[in-house]
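*Asks:* What shape does this take:
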Amino acid sequence: MLYRRRREQKSLTGSISRATPSSAHSRYACRTYRLNLEERSARNLAKATILSYPLDHLLHLDTPILTALGLEPDFLYPLENVTIAQGRDAMFTCVVNNLGGYRVAWIKADTKAILAIHEHVITNNARLSVTHNDYNTWTLNIRGVKREDRGQYMCQVNTDPMKMQTAWLEVVIPPDINYEETSGDMMVPEGGSAKLVCKARGFPPPKILWRREDGGDLISRGGPQGKTKVTSLEGDIVNLTKVTRSEMGAYLCIAANGVPPSVSKRIMLHVHCCGFISEINSADKYGVKYEHKLRTDTYQTIIETNL
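*Replies:* Down below sits the predicted model:
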């Protein structure tokens, strides 16, 4: 019989959520609810009551109340890493539920510098700002990021113990040719050697790729495989040995690091030959003999006359 009575009470208690003040059973339902309260702890009762509030009401409850209810601040989503090109704007978003009277702070973790607390910027960096959507989302904005902004950032809540989450800001820089350390146009004799150098800066460090502008082959000599022909070579330096006139032309060094745009430098290689190609002997009407030597190279033809 007792078992049946409990089942009846449970069924009636379940109907309370559907009871209205005008219901004929409202008095009985209220009485049953009071009996149920005696079996609950005050904490469970308060928690059951508060959880029936709309969420926006919960956001404005005092910290002691939320703590008593076991509703401590909690991060809803992880803080996400950000990779961005130098000069653009970066943003970190921190979502915290049940904040109550606690405060959200932004900290540069690697330098331990406090950037902002709640909606107030602490640092003197004018490029930083914080926004709050009046709900549960706090955002740290960094305008025109610089290389020195790179590092670990922390969203922190001043609970005891402290709650926090971190993310990394990576600032990438597109490649740029370092003209002071890069070869210019050059001239070498046929059979001689040419050293082509191309230096670039950026982050991540750029890779250098060499090609001929006309699509021709780059010829490598002196390696373990002897003479080899390739359409491209990778590296800051290209050494050309025993150069022939067929290797004369424009060479392109292309710097790329995955951050657009890639850049290139055009280097013109001139090859000249200095051999005498003919000798002409003659004499004038007085019997004086002359020796003529015709010398040609890439740019000029010179006739030397020796007595």
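*Asks:* Between its first and last residues, how far does stretch 242-260 reach?
*Replies:* 37 Å (CA to CA, to the nearest Å).
*Asks:* quick one: buried residues of it?
*Replies:* 243, 247-248, 251, 253-257, 259 (16 or more other CB atoms under 10 Å). (C-beta placed from N, C-alpha, C; glycine too.)
*Asks:* Ok, stretch 194-212 next?
*Replies:* For stretch 194-212, using 16+ other CB under 10 Å, the buried residues are 194, 196-200, 202-203, 206-212.
*Asks:* cool, stretch 214-227 as well?
*Replies:* Under 16+ other CB under 10 Å, the buried positions of stretch 214-227 are 218-220.
*Asks:* So which of the buried residues of stretch 242-260 is the closest to Ala109?
*Replies:* Taking CB to CB as the measure, Ala109 lies nearest Val259 of the buried residues of stretch 242-260, at 24.8 Å.
*Asks:* and the gap between the closest one and Asn81?
*Replies:* 16 Å (CB to CB, to the nearest Å).
*Asks:* cool, and Cys253?
*Replies:* 33 Å.
*Asks:* Kindly report the same for Arg211.
*Replies:* 35 Å.
*Asks:* Show me the shaky parts of this structure.
*Replies:* 1-70, 222-223, 274-307 (pLDDT under 70).
*Asks:* Span of stretch 112-123 from start to end?
*Replies:* 12 Å.
*Asks:* actually stretch 123-141, sorry about that
*Replies:* 13 Å.
*Asks:* Now do the buried residues in that stretch.
*Replies:* Buried-residue list, stretch 123-141, by 16+ other CB under 10 Å: 128, 130, 136, 138-141.
*Asks:* which other residues reach that stretch?
*Replies:* 56, 59, 76, 89-97, 99, 104, 106, 113-116, 118-121, 142-145, 153, 155 (CB atoms under 8 Å, 6 or more residues apart in numbering).
*Asks:* about what we covered before: from the buried residues of stretch 242-260, which is closest to Thr228?
*Replies:* Out of the buried residues of stretch 242-260, the member with the shortest distance to Thr228 (by CB to CB) is Glu247, at 13.6 Å.
*Asks:* and that closest one, how far is that from Met164?
*Replies:* On the measure of CB to CB, Glu247 and Met164 end up 61 Å apart.
*Asks:* Likewise for Arg127?
*Replies:* On the measure of CB to CB, Arg127 and Met164 end up 23 Å apart.
*Asks:* phi, psi of the residue nearest to Cys253 when sequence neighbours are not counted?
*Replies:* Spatially, and ignoring its direct neighbours in sequence, Cys253 is nearest to Cys198 (3.3 Å; CB to CB, 6 or more residues apart in numbering). The phi/psi pair for Cys198 (degrees, to the nearest 10) reads phi -140, psi 120.
*Asks:* give me every residue that touches the nearest residue to Pro205 once chain neighbours are set aside.
*Replies:* The spatially closest residue to Pro205, leaving aside those adjacent along the chain, is Asn257, at 6.6 Å (CB to CB, 6+ apart). By CB under 8 Å, 6+ apart, the contact list for Asn257 reads 172, 174-175, 202-207.
*Asks:* 6 Å instead, please
*Replies:* Contacts for Asn257 were tallied using CB atoms under 6 Å, 6 or more residues apart in numbering; they are 175, 202, 204, 206.
*Asks:* list the contacts for the second one?
*Replies:* Looking back up the chat, that one is Gly202. The neighbourhood of Gly202, defined by CB under 6 Å, 6+ apart, consists of 173-176, 257.
*Asks:* Can you list the strands that whatever helix or strand it lives in pairs with?
*Replies:* Gly202 belongs to strand 200-203 when assigned by DSSP states H and E. Strand pairing for strand 200-203, using DSSP bridges, gives strand 163-177 (antiparallel).
*Asks:* SS state for Thr131?
*Replies:* strand (DSSP: H, G, I helix; E, B strand; the rest coil).
*Asks:* Quick check: it vs Thr93, distance?
*Replies:* Thr131 sits 10 Å away from Thr93, going by CB to CB.
*Asks:* Dig out what Lys195 forms beta bridges with.
*Replies:* Asn239.
*Asks:* how near is it to Val172?
*Replies:* In terms of CB to CB, Lys195 sits 31 Å off from Val172.
*Asks:* now Asn136
*Replies:* For Asn136, the distance to Val172 - CB to CB - is 31 Å.
*Asks:* Shouldn't Thr139 be within a strand?
*Replies:* Yes - counting by three-state DSSP, Thr139 is located in a strand.
*Asks:* what about it, distance to Arg127?
*Replies:* Counting by CB to CB, the gap from Thr139 to Arg127 is 14 Å.
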